[in-house]
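A.B. asks: Return atomic coordinates for the entry below.
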Amino acid sequence: MLENCRNARERWGGVSELIDRWLRGRQELLVHYCDLSGENDFSQTEALKQKFIRFCEVLVDYVSTGHFEIYEQLVREAREFNDGGLELAAKVYPRIEKTTEEALNFNDQLNDRALSEPDVKALFEELSHLGESLESRFEMEDFLIEHLHNVHGDKVAPA
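C.D. replies: Numbering: from 1, shown residues only. Alright, predicted model coming up:
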């Protein structure tokens, strides 16, 4: 039994650290989002474009880490504990994937092109929609973390 506990800690102990780093990335994303959403002078197109570019860099990093690192770990953990987590993930992941598509589509709108004031205004309208999508995504991610990882905390906690 002690060996099983050690094996679990070795397998899953790093997952919490990975999730913590990812959630710090979420916080950085929110800071950039709030910074952008507080803008009201759309005439500074080049400065705003640079803010949008930085926001998109953080956005793409965040969603990529989720898909290629976090979700993979959560599914592995769900598979290991075999307590219904895989079925739960199968229901939630497609909804998260939709928000990923929205985030990537938003990022693609910049395309290394010059932005006019109307382009910037349109980006701000899309940013508002993206904010709603991200809020939904964060709720789903938190739900998955709670039900696919935190629920096993007593099984992987240090002895």
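A.B. asks: Please point out which parts of the strand or helix carrying residue 76 sit buried.
C.D. replies: Secondary structure assigned from DSSP states H and E places residue 76 in helix 71-81. Buried residues in helix 71-81, counted by 16 or more other C-beta atoms under 10 Å: 71, 73, 74, 75, 77, 78, 80, 81. Just so you know, the C-beta spots here come from the backbone N, C-alpha and C atoms, and that holds for glycine as well.
A.B. asks: between the residues you listed, which is closest to residue 124?
C.D. replies: Among these, residue 71 lies closest to residue 124 (C-beta to C-beta), at 30.0 Å.
A.B. asks: show me what contacts that closest one?
C.D. replies: 89, 93, 96, 144 (C-beta atoms under 8 Å, 6 or more residues apart in numbering).
A.B. asks: Closest one to residue 135 out of those, please.
C.D. replies: So of those, ranked by how close each gets to residue 135 (C-beta to C-beta), first place is residue 96, at 12.7 Å.
A.B. asks: any idea how far the closest residue to the closest one other than its chain neighbours is from residue 21?
C.D. replies: Among residues not flanking residue 96 along the chain, residue 140 sits closest, at 5.3 Å (C-beta to C-beta, 6 or more residues apart in numbering). Distance from residue 140 to residue 21, counting by C-beta to C-beta, to the nearest Å: 19 Å.
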